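>>> sequence first, predicted coordinates after that:
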Amino acid sequence: MAEVAYVNASRVYPGSPPVRAVDELKLDVADGEFLVLVGPSGSGKSTALRMLAGLEDVDEGAIEIGGKDVTNVPPKGRDIAMVFQSYALYPHMTVGENMGFALKLRGVSKPDIKAKVAEAAKMLDLEKYLDRKPKALSGGQRQRVAMGRAIVREPSVFLMDEPLSNLDAKLRVETRANIAALQRRLGTTTIYVTHDQVEAMTMGHRVAVLKDGLLQQCDTPRALYETPANAFVAAFIGSPGMNLKTVPLTAAGAQLDGLEVPLPRTTLDKVGADGLKEVTFGVRPESLGLVGAGEDGMELTVELVEELGADAYVYGSVRIADQPERFIVRVDGRTPPALGQTVRVGLRDHSEIHLFNPETGARIEG
Amino acid sequence: MRGFFSRHWYAYAMVLPAVIVTGVLVVLPLLQGAYYSFTNINESNIANPVLDRPASYEFTGLDNYANVLSGDASYGSFWDILLRTLIWTFACVGLHFVIGLALALLLNRPMRGRGVYRVLLILPWAVPAFISAFAWKYMFNAQYGIINQVLRALGLPDPVWLGQSDLALIAVILVNVWLGVPFMMMTLLGGLQSISGSLYEAAEIDGATPWQKFRNVTMPGLRSVSSTVILLGTIWTFNMFAVVYLITGINPNTRLLITYAFERFFNGASRDYAIASTYGVLILSVLLVFASVYRRALRRQGEVW
């Protein structure tokens, strides 16, 4: 078990201009922590993980595991285990041999290997399949074998590269919970890469959001959701995404069609000091709701209703400065509005809004 | 039954030409050869329409097999030739595989000019075998050949390569290796490229050395490809006639089962069709036995094939 640190680590692919796949990543992961790296494709999350594994060079900066600089240490000297997206099970070996391979290479005695493999197999409910080849297993079973192969080694860090993306939706949810529980039980530091923000939010102690090789924000899931550091994180975290609109400022607040959202004095002062005429205004679908005719609100023309049972998401357009702007609103699943209907939408609470600088995307604290 | 044909007549019509060609070119000669091996047919008793002479060969049962398998020198010392053929086959296929694999591994790495190397290494395969054979024959020429010229320039002995010594066998093995490596290289390269890169990464993280990665990832990953090309290569090499015959002609030191069958058929005082056919049937039997043993061995290793 060990803590992990990226010390301004970069991966630069040569070219003109050079591609900075991971750009000065600075990240400290505590011992026993479950950290999720999340981002869209091409954000450098997998590259960052592979740098930690030693499969990818570190061009600038350093990587530390357990306080030791491992920047130039080959993978086998790093005491890590990795679960690949494709599982990378050795096709000619049985499940048991796959799980025990690393121990065999280390020269562990046969009875010891057998005992450790049996223990891991029991934990993952794989005992019946130890003599089978990977080919004869289902996707979920293969995934568990890949996990088992990592567990048997008792490494100081687990690395997981989108381990659930080859499973069907139902199995993914189930396995998600199992992996999180397993990590809690073993207490091994884990770095987990995914593009799925739901996985990130549900599994990680902390979540690091990457975009274009740059770390956007690293915090607990709740903090990411409630105080996103910039417009990208705000849009990326949460499903469906946050409504983000660039709107004009008035003396008292932000002007959205018929709805003027008052802003605290301090915020307005700050915005005024920066000389901004507009702000990027963000509000999550659940912070909006249907209101009566007399209350403050915007006229929303319903274009699509997604009924999920408990809730329904209403997609519609509001005219802001004569431009139609799309909004998503969460409403009660039992009484969704009909298509084409015009409804009045208001804010649930004036504190549940997010403001960002329209040019830099940075959060404006208020 | 009528419904079956009326429904599938098109498929039968399509395979018919192939069936006829195979029947005429393969099955009929095979059956005829097998029949001749039970007679004493030769040039003097075969039907000869020019001389208006009817066939007078007789059925002799298993005499030919008894004579050949006795290993008697007048019937070609079967066991000695078989031994030489086996040496030839395993030397050639072994070197094909080892050199082909080594080149495939080199070509599978990312490097500059990889495409050019690939084309150059396939060239021997693209050149018709008889042209290569004659080119090598001249290169091996004791007096004027480039090989001996180089050896002389280096102050080394310049042997007579293609004379009546075992050097001739070594020379034809060299040529056949040169000819056969490209095929092995290409098929093995294809096999290498089908091995997922993440397996190597997994092995790397599991702590495997390069040799252990080769043993535990590359070789098992190549198994289905290599087992096929080794079987094909063995059959082709066992029956390799052109290279041996074109380079050394009739030479007892390079005499293989297949060239001896040819020799017996076309040369000698009385062209002995019966013994030549017997050799043909024996070659077929050896290869059939080899192929079935080989397949059984693979199946025991769990290869679905």
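That came through fine. Numbering: from 1, shown residues only, chains lettered A, B, ... in the order given.
>>> what residues does the stretch 201-305 of chain B have near chain A?
Neighbours of chain A within the stretch 201-305 of chain B, by Cβ under 8 Å from any Cβ of the partner chain: B:201-208, B:212, B:216-217, B:220-221, B:223, B:302. Placement of C-beta: from N, CA and C, glycine included.
>>> which of those residues has the most neighbours?
With neighbours defined as other Cβ atoms under 10 Å in any protein chain shown, the most crowded of these is residue B:202; it has 29 neighbours.
>>> so for that one, what's the pLDDT?
At residue B:202, the model reports a pLDDT of 94.
>>> looking at it, it is touching residue A:88, isn't it?
Yes - checked against Cβ atoms under 8 Å, the pair residue B:202 and residue A:88 is within contact range at 3.9 Å.
>>> can you give me the offset of stretch A:236-254 from its chain's centre?
Taking the mean C-alpha point of stretch A:236-254 and that of its whole chain, the gap between them comes to 22 Å (Cα atoms, centre = their mean, to the nearest Å).
>>> what does the one helix or strand residue A:301 maps to contact?
Here residue A:301 is covered by strand A:298-307, with elements defined by DSSP states H and E. Contacting residues not belonging to strand A:298-307 are listed as A:256-259, A:312-319, A:326-327, A:329, A:333, A:336-346 [Cβ atoms under 8 Å, 6 or more residues apart in numbering or on different chains].
>>> same question, stretch B:10-24
Contacts to stretch B:10-24, defined as Cβ under 8 Å, 6+ apart, come from residues residue B:5.
>>> what is the nearest residue to residue A:71 once chain neighbours are set aside paired to in the beta sheet?
With Cβ to Cβ, 6 or more residues apart in numbering or on different chains as the criterion, residue A:71 has its nearest non-adjacent residue at 4.6 Å, and that residue is residue A:62. With DSSP bridges as the criterion, the beta-bridge partners of residue A:62 are residue A:7.
>>> what about residue A:62, distance to chain B?
Residue A:62 sits 20 Å away from chain B, going by Cβ to the nearest Cβ, to the nearest Å.
>>> would you indicate which residues of the strand or helix carrying residue B:21 are buried?
When secondary structure is defined by DSSP H and E, residue B:21 falls within helix B:2-22. Of the residues in helix B:2-22, none are scored as buried under the neighbour-count criterion (16 or more other Cβ atoms under 10 Å in any protein chain shown).
>>> same question, stretch B:35-44
Applying a neighbour-count criterion of 16+ other Cβ under 10 Å, the buried positions in stretch B:35-44 are B:36-42.
>>> quick check: end-to-end length of it?
Between the opening and closing residues of stretch B:35-44 we find a distance of 18 Å, counting by Cα to Cα, to the nearest Å.
>>> for it, what is the average pLDDT?
90.
>>> got a list of contacts for it?
Among residues not part of stretch B:35-44, those counted as contacts by Cβ under 8 Å, 6+ apart are B:55, B:57-65, B:270-274, B:277-278, B:280-281.
>>> so of the residues you listed, which ones are in helices?
In helices, defined here by DSSP state H, the members of the contacts of stretch B:35-44 are B:63-65, B:273-274, B:277-278, B:280-281.
>>> ok, residue A:199 to chain B distance?
Here residue A:199 is placed at a distance of 20 Å from chain B (Cβ to the nearest Cβ).
>>> and residue A:319, that's in a helix?
No - secondary structure assignment (DSSP: H, G, I helix; E, B strand; the rest coil) places residue A:319 in strand, not in a helix.
>>> returning to that earlier point: can you name the next helix or strand after the helix holding residue B:21?
Secondary structure here is assigned by DSSP H and E; on that basis, the next helix or strand after helix B:2-22 toward the C-terminus is helix B:28-36.
>>> now that next one: buried residues?
If you call a residue buried by 16+ other Cβ under 10 Å, then helix B:28-36 has these buried ones: B:33, B:36.
>>> skipping its backbone neighbours, what lies nearest residue B:137 in space?
Residue nearest to residue B:137 in three dimensions, not counting chain neighbours: residue B:247, with 4.9 Å by Cβ to Cβ, 6+ apart.
>>> contacting residues for the one you found?
With contacts defined as Cβ under 8 Å, 6+ apart, the neighbours of residue B:247 are B:133, B:136-137, B:140, B:162, B:171-172, B:175, B:254.
>>> the longest helix along chain B: how far from the chain's middle?
Ranked by residue count and defined by DSSP H, the top helix of chain B is helix B:78-107. Centroid separation between helix B:78-107 and its chain, computed with Cα atoms, centre = their mean, is 10 Å.
>>> and it, what's buried?
Counting neighbours by 16+ other Cβ under 10 Å, one finds that the buried residues in helix B:78-107 are B:78, B:81-82, B:84-85, B:88-89, B:91-93, B:95-97, B:99-101, B:103-104, B:107.
>>> by contact count, what packs against that helix?
Helix B:78-107 sits against helix B:114-126, helix B:166-193, helix B:219-238, helix B:257-266, helix B:273-300, with contacts defined as 3 or more Cβ pairs under 8 Å, 6 or more residues apart in numbering or on different chains; DSSP states H and E.
>>> in its sheet, what does the strand holding residue A:301 sit against?
Note on strand A:298-307: by DSSP bridges, its sheet partners are strand A:311-320 (antiparallel), strand A:342-347 (antiparallel).
>>> now residue A:305. Nearest residue, chain neighbours left out?
Leaving aside its sequence neighbours, residue A:305 is closest to residue A:336 (5.1 Å, by Cβ to Cβ, 6+ apart).
>>> sort out which residues of the helix or strand of chain B with the lowest mean pLDDT are buried, please.
Comparing helices and strands within chain B by mean pLDDT, DSSP states H and E singles out helix B:114-126 as the least confident, with a mean of 83. The neighbour-count check on helix B:114-126 (16+ other Cβ under 10 Å) flags B:121, B:124-125 as buried.
>>> take these and write them to JSON lines, including distance to residue B:190.
Formatted as JSON lines, the entries for the buried residues of helix B:114-126 read as follows, by distance: Cβ to Cβ, whole Å:
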{"residue": "B:121", "distance to residue B:190": "14"}
{"residue": "B:124", "distance to residue B:190": "18"}
{"residue": "B:125", "distance to residue B:190": "14"}
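>>> just those residues now: which is nearest chain A?
Within those, the smallest distance to chain A is 28.6 Å, found for residue B:121 (Cβ to the nearest Cβ).
>>> and the least confident helix or strand of chain B with helix B:78-107, angle?
160 degrees (axes from the mean of the first three to the mean of the last three Cα atoms, to 10 degrees).
>>> low-confidence ranges in the chain?
This is for chain A. In the predicted model of chain A, residues A:1, A:257-258, A:366 satisfy pLDDT under 70.
>>> not quite, go with chain B.
Under the criterion pLDDT under 70, the flagged ranges of chain B are B:1-2, B:269, B:302-305.
>>> hmm, back to that, separate out the buried members of the contacts of strand A:298-307.
Looks like the contacts of strand A:298-307 have A:256-257, A:259, A:312-316, A:318, A:327, A:329, A:336-337, A:343-346 buried, using 16+ other Cβ under 10 Å.
>>> tell me what the host helix or strand of residue A:159 is packed against?
According to DSSP H and E, residue A:159 maps onto strand A:157-161. Packed against strand A:157-161, as judged by 3+ Cβ pairs under 8 Å, 6+ apart, are the following elements: helix A:45-53, strand A:80-83, strand A:189-194.
>>> partner strands of it and their direction?
strand A:80-83 (parallel), strand A:189-194 (parallel).
>>> who touches the first one?
Judged by Cβ under 8 Å, 6+ apart, the contacts made with strand A:80-83 from elsewhere in the structure are A:52-54, A:65, A:102, A:146-147, A:149-151, A:153, A:155-161, A:163, B:201-202, B:205.
>>> likewise for stretch A:263-278?
Contacts of stretch A:263-278 with the rest of the structure, by Cβ under 8 Å, 6+ apart, involve A:246-249, A:252-254, A:279, A:355, A:357-358, A:364-366.
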